[in-house]
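Peer 1: Curious how this folds, go ahead:
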Amino acid sequence: MSINSDEVRRVAHLARIEVSADQLTAYAGELSTILALVAQLGQADTDRVPPLAHPIEASQRLRADEVTETDQRRRFQAIAPAVQDGLYRVPKVIE
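Peer 2: This next block holds a predicted model:
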């Protein structure tokens, strides 16, 4: 797929990007090259390639899930400006 200068001008207008007249042909050529590469990648046979979540098969080293601090909820709520039914009250910001 190739892109001409008129299409670049229209897209630049929609994106509210100022593109000078001498840049139009350069951008049209570069975008055409990019679209040709994407078309070439689309022709690759990927039927037997399993989907990946990450290109490197690695597992995360996780630490043990252990409690490391004591419960200080009552202490923090005692110094809070507003608490109701064990919850912190904050001013309404969205109406």
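Peer 1: quick one, helices of this protein?
Peer 2: Along the chain, the segments classed as helices by DSSP state H run 5-14, 21-42, 73-78.
Peer 1: Go through those helices and name the closest to Leu62.
Peer 2: Nearest to Leu62, of all these, is helix 73-78, at 26.1 Å by CB to CB. Just so you know, the C-beta spots here come from the backbone N, C-alpha and C atoms, and that holds for glycine as well.
Peer 1: Now do Asn4, the pLDDT please.
Peer 2: Asn4 is assigned a predicted lDDT (pLDDT) of 91.
Peer 1: Quickly note the distance from it to Ile56.
Peer 2: Look at Asn4 and Ile56: by CB to CB, to the nearest Å, they are 42 Å apart.
Peer 1: rewinding a little: dump the helices of the chain into TSV; add mean neighbour count and distance to Asp85 as well.
Peer 2: Listed next are the helices of the chain as TSV, based on neighbours: other CB atoms under 10 Å; distance: least, CB to CB, whole Å:
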stretch	mean neighbour count	distance to Asp85
helix 5-14	14	52
helix 21-42	12	56
helix 73-78	10	11
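Peer 1: Thought Leu24 was touching Glu18, still the case?
Peer 2: No: at 11.4 Å, Glu18 does not count as touching Leu24 under the criterion of CB atoms under 8 Å.
Peer 1: ok, back up a step: comparing Asn4 and Ile56, which residue is more hemmed in?
Peer 2: Taking neighbours as other CB atoms under 10 Å, Asn4 and Ile56 compare with Asn4 leading, 12 against 5.
Peer 1: what residues are up against the nearest residue to that one once chain neighbours are set aside?
Peer 2: Nearest non-adjacent residue to Asn4, counting by CB to CB, 6 or more residues apart in numbering: Ala28, 5.7 Å away. Residues near Ala28 by CB atoms under 8 Å, 6 or more residues apart in numbering: Ser2, Ile3, Asn4, Ser5, Glu7, Val8.
Peer 1: Apply 10 Å and report the result again.
Peer 2: By CB atoms under 10 Å, 6 or more residues apart in numbering, Ala28 lies in contact with Ser2, Ile3, Asn4, Ser5, Asp6, Glu7, Val8, Arg9.
Peer 1: Alright, I will stop here.
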